[in-house]
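Chemist: 3D, please:
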Amino acid sequence: MSDGAATKASWNCSVRESVPGTPLARKGGNDRNLALYFVFMPPERAEANRNANVRKMLRAPDARVIMDVWGGNHGRGEILP
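Modeler: Sure, this is the predicted structure:
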């Protein structure tokens, strides 16, 4: 199965020494220990962006992104724009 055909994801992470908590919604200075990006777009656009960096994919008008972050000074489960 290729990554594009995956139907679920799981991971484990631990942090021994955290970076200081910062406001994650602020551009620049938004340090975090880990950020996972899940990008969804039409198959033909996904193929064209297979090796693109995440910043390019985040600008794609037909992309939808879920980002899971460990870090920052926000409450657990808080949703940020």
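
Chemist: I'd like to know how many residues surround G72.
Modeler: G72 sits with 21 neighbouring residues when counted by other CB atoms under 10 Å. Using the backbone N, CA and C atoms, a C-beta is placed for each residue, glycine as well.

Chemist: same thing with the one 4 residues further on?
Modeler: Residues near R76, counting by other CB under 10 Å, number 5.

Chemist: so where is this structure shaky, pLDDT-wise?
Modeler: 1-3, 29 (pLDDT under 70).

Chemist: rerun at 80
Modeler: Low-confidence segments of the chain, defined by pLDDT under 80: 1-5, 27-31, 81.

Chemist: Could you pull out the strands in it for me?
Modeler: Ranges of strands within the chain are 34-40, 64-70, based on DSSP state E.

Chemist: Any chance of those in CSV with mean neighbour count and distance to R16 as columns?
Modeler: Shown next, in CSV, are these (neighbours: other CB atoms under 10 Å; distance: least, CB to CB, whole Å):
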stretch, mean neighbour count, distance to R16
strand 34-40, 13, 13
strand 64-70, 13, 13
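
Chemist: Take these and lay them out in TSV including distance to N53.
Modeler: Below are these laid out as TSV (distance: least, CB to CB, whole Å):
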stretch	distance to N53
strand 34-40	11
strand 64-70	13
